[in-house]
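Chemist: pasting the sequence and the predicted model now:
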Protein chains: 2
Amino acid sequence: MQIDAVDFFYLSMPVVTTEADGSQDALLVRVRAGGHQGFGECEAAPLPSIAAFVCPMSHGACQPVAASVLGRRLDSPADIAAIAADVAYNSMDVLQAAHTFSGIEMALWDILGRARGEPVWKLLGYERSHPKTPYASLLFGDTPQQTLERGQDAIRRGFRAAKFGWGPIGRGSVQQDADHFFAAREGLGADGILLVDVGQIFGEDVERAAQRLDALEQARAVWLEEPFHASALGEYGALAKRSRTVRLAGGEGAHNVSMARHLIDYGGIGYVQIDCGRIGGIGPAKQVADYAAARGVTYVNHTFTSHLALSASMQPFAGLQAHHICEYPAAPKALAVELTANHLLPDANGQVTTPETPGLGMTIDAQAVRRYRVPVDIRVAGRTLYTTPDFNA
Amino acid sequence: MQIDAVDFFYLSMPVVTTEADGSQDALLVRVRAGGHQGFGECEAAPLPSIAAFVCPMSHGACQPVAASVLGRRLDSPADIAAIAADVAYNSMDVLQAAHTFSGIEMALWDILGRARGEPVWKLLGYERSHPKTPYASLLFGDTPQQTLERGQDAIRRGFRAAKFGWGPIGRGSVQQDADHFFAAREGLGADGILLVDVGQIFGEDVERAAQRLDALEQARAVWLEEPFHASALGEYGALAKRSRTVRLAGGEGAHNVSMARHLIDYGGIGYVQIDCGRIGGIGPAKQVADYAAARGVTYVNHTFTSHLALSASMQPFAGLQAHHICEYPAAPKALAVELTANHLLPDANGQVTTPETPGLGMTIDAQAVRRYRVPVDIRVAGRTLYTTPDFNA
């Protein structure tokens, strides 16, 4: 097969607010090759991502992503890796390129799987896909009582795991934070899996983060996510050394394999959270999964948008049975729900399984694409470099 | 003062090729505040960088750069730092944002310096600016004889330092590489400062890089630049430990302070090379200079384009007397030369000094901007988000 076309569809809710909800818009990517079409999704700002695909060349190492993708051969996973390597080299100085390519790369796997009649995780070398335990992402309440009730609600909704995040944590006293951790544990019950995300609140202050470890441990939190800025490797490492049972989690911002490896090697994290829509797609995410598994670090997907993104993000660790916790978009916006005609729903045990169907196993809803599509036109030197195509064109 | 306007001018040579020459196009930024105007230059792909400034918001941490810049107060260096912090937070998920903001940030310093009648390096806290020794960037020849002649030519042109890069190094035998290193030394003479750049040729192979250390040492190379991929921190660190006199250099791709610090902390580099047009501007570059100086690491600018970019890139280490080597665009394209009406020329000693005049001390040539300007139009949902303005508007 040869890659014939790459098209981007910028989708958006009618109103986008500053709330921390990444499902308010989406950048859908459609790739066509050898009579097949595949889909992917960038977890990225749509307009700069499209611009990085179509921009004029600045010099040899600052070429548009298109230059390394269009017309290329696509017959094997090795072809995808070769294209990825060329993007990394030829677009080295286009910072946005990794985000742009992430959605394209997913679509390439989707096509290859469809052409071979196999799910992507088989192409990645896994024999089977293991069910994952989805967790609900919740905010800490304003009061411990609210936190407790949110935990109870998640359990009622069938979740066996919940991640509490942000809210008042790190803004008041150590005891106030402890009260929230204990309330979260009480809400989930003794068997619930408790995860805590503090959204970089401690900046680079190891001491303040360390003061919370005792309570987190007593509440049996499995991980403490993003205590510091994503690149505060030394601080991660120092805190990791001081923790006995609670392991650190991070990595959602990684836009290449090295960033994730550094969090493992220097940051001492126990859970590495990868967004396939940012790190360059499924191939690099699988590299991180292999690297993590070999070092006793658990891989977790980072997914906040559609079930297309969810399927893509589950492929890299579908076959790793022990790595069973899975981020699951708990309350996405309508656009993210409607984008796919099918969905990855929890089974009777409350678990989610990566599709057994070819490619990524997801069907795009054309009506939804048309409903949420935002037309984009980019002209440079009087020439149209990009105009949103018809979805059925 | 209040920031009233930020305008981008995409400039390009009529023909852009794949040669490794970053001066084939430019993204000039003009900022207006309080009746002053200042200029900066992104070392970046112009179209995605403009898109990152004007793109619609995706969510709270994926806002356009404009949201954190327009209308802001600009009365002190602290105001610039506050804007930079907001860009980092509000545009956390816009990968391109650091490149976009780099040129804006330079322009903010330029305005502040002009308003106060002081050069930027004084605003950064330096008492005086010290002359720097510019080096000529050369390619290794196809043969050692060619390498030797290129070195001789640089000395004849008045350079006391030269950096040889790329070419056949790492592609043949250890002895062939050694012959080139010795030829470069011979060409520069005993007193010439010899720098070597191998353009990431050894990937992650420490052994192959280490095999070159003896010859580099005998040729008295001061630094070995980019032996590995920019993020191969462990490999950098391993090679640094094996080198006696030759120190490692790297950092040109850093798009935040942490990346540069990691090369120092984990990579063991002896020279940190920062491009102000990528790292977020002059403020973060000064942070790297301070961090480096405190750890016995030497700061060097990375500059490949206009003298506006050169002036900006010299400010962060203008006052560090011992950090005296300076990258100097040796053969830029006409656009990069013509962009400024004045230039930072070597003095009788062959040295270059950061301007003593207010701001960045450079005057933009309006004719050149009009001559090389590439019109850009970006429309989203039928609304024009960006159209190249008149330069005098």
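Modeler: Received, thanks.

Chemist: ok, now how distant is A:Ala318 from A:Ala85?
Modeler: Distance, A:Ala318 to A:Ala85, by C-beta to C-beta, to the nearest Å: 24 Å. Where C-beta positions appear, they are placed from N, C-alpha and C, glycine not excepted.

Chemist: more neighbours, these two?
Modeler: A:Ala318 (26 against 12; other C-beta atoms under 10 Å in any protein chain shown).

Chemist: check contacts around the more buried one.
Modeler: A:Pro119, A:Trp121, A:Leu124, A:Tyr126, A:Ser129, A:His130, A:Thr354 (C-beta atoms under 8 Å, 6 or more residues apart in numbering or on different chains).

Chemist: where exactly do the helices run in chain A?
Modeler: A:46-54, A:77-90, A:97-116, A:120-123, A:144-156, A:174-188, A:206-210, A:213-218, A:233-242, A:257-265, A:282-293, A:307-314, A:334-338, A:366-372 (DSSP state H).

Chemist: would a markdown table of these with mean pLDDT be doable?
Modeler: Converted to a markdown table, the helices of chain A look like this (pLDDT from 0 to 100):
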| stretch | mean pLDDT |
| --- | --- |
| helix A:46-54 | 98 |
| helix A:77-90 | 97 |
| helix A:97-116 | 98 |
| helix A:120-123 | 98 |
| helix A:144-156 | 96 |
| helix A:174-188 | 98 |
| helix A:206-210 | 97 |
| helix A:213-218 | 98 |
| helix A:233-242 | 97 |
| helix A:257-265 | 96 |
| helix A:282-293 | 98 |
| helix A:307-314 | 98 |
| helix A:334-338 | 97 |
| helix A:366-372 | 97 |
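
Chemist: any chance of the ones you listed in a markdown table, with distance to chain B too?
Modeler: Output for these, formatted as a markdown table (distance: least, C-beta to the nearest C-beta, whole Å):
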| stretch | distance to chain B |
| --- | --- |
| helix A:46-54 | 4 |
| helix A:77-90 | 8 |
| helix A:97-116 | 5 |
| helix A:120-123 | 24 |
| helix A:144-156 | 21 |
| helix A:174-188 | 22 |
| helix A:206-210 | 15 |
| helix A:213-218 | 24 |
| helix A:233-242 | 6 |
| helix A:257-265 | 3 |
| helix A:282-293 | 12 |
| helix A:307-314 | 14 |
| helix A:334-338 | 12 |
| helix A:366-372 | 11 |
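
Chemist: of the ones you listed, which approaches A:Ala348 most closely?
Modeler: Closest to A:Ala348 of these is helix A:144-156 (C-beta to C-beta; 16.0 Å).

Chemist: for the residue nearest to A:Thr17 when sequence neighbours are not counted, give me its contacts.
Modeler: Spatial nearest neighbour of A:Thr17, excluding adjacent residues (C-beta to C-beta, 6 or more residues apart in numbering or on different chains): A:Gln24 at 7.2 Å. Residues near A:Gln24 by C-beta under 8 Å, 6+ apart: A:Ser12, A:Met13, A:Val16, A:Thr17, A:Lys333, A:Leu335, B:Ser58, B:His59.

Chemist: what's the closest non-adjacent residue to the fifth one?
Modeler: In this case it means A:Lys333. Nearest to A:Lys333 is A:Ser23, by C-beta to C-beta, 6+ apart, at 4.5 Å.

Chemist: list the contacts for the one you found?
Modeler: A:Phe304, A:Thr305, A:Ser306, A:Pro329, A:Pro332, A:Lys333, A:Leu335, A:Ala336.

Chemist: tell me how many other residues surround the fourth one.
Modeler: Here the count is done by other C-beta under 10 Å, and A:Pro329 has 22 residues near it.

Chemist: what of the first one?
Modeler: Using other C-beta under 10 Å, A:Phe304 has 23 neighbouring residues.

Chemist: tell me the contacts of the nearest residue to it once chain neighbours are set aside?
Modeler: Leaving aside its chain neighbours, A:Phe304 sits nearest to A:Gly22 (4.1 Å; criterion: C-beta to C-beta, 6+ apart). The neighbours of A:Gly22, taking C-beta under 8 Å, 6+ apart as the test, are A:Glu43, A:Phe304, A:Thr305, B:Ser58, B:His59, B:Cys62, B:Asp93.

Chemist: so which residue is dead centre in chain A?
Modeler: A:Asp275 (2.4 Å; C-alpha atoms, centre = their mean).

Chemist: what's the distance between it and chain B?
Modeler: Look at A:Asp275 and chain B: by C-beta to the nearest C-beta, to the nearest Å, they are 10 Å apart.

Chemist: that residue reaches A:His302, doesn't it?
Modeler: Yes: if you go by C-beta atoms under 8 Å, A:Asp275 and A:His302 touch, sitting 4.0 Å apart.

Chemist: identify the contacts common to the two.
Modeler: Joint contacts of A:Asp275 and A:His302 (C-beta under 8 Å, 6+ apart) are A:Glu252, A:Ser313.
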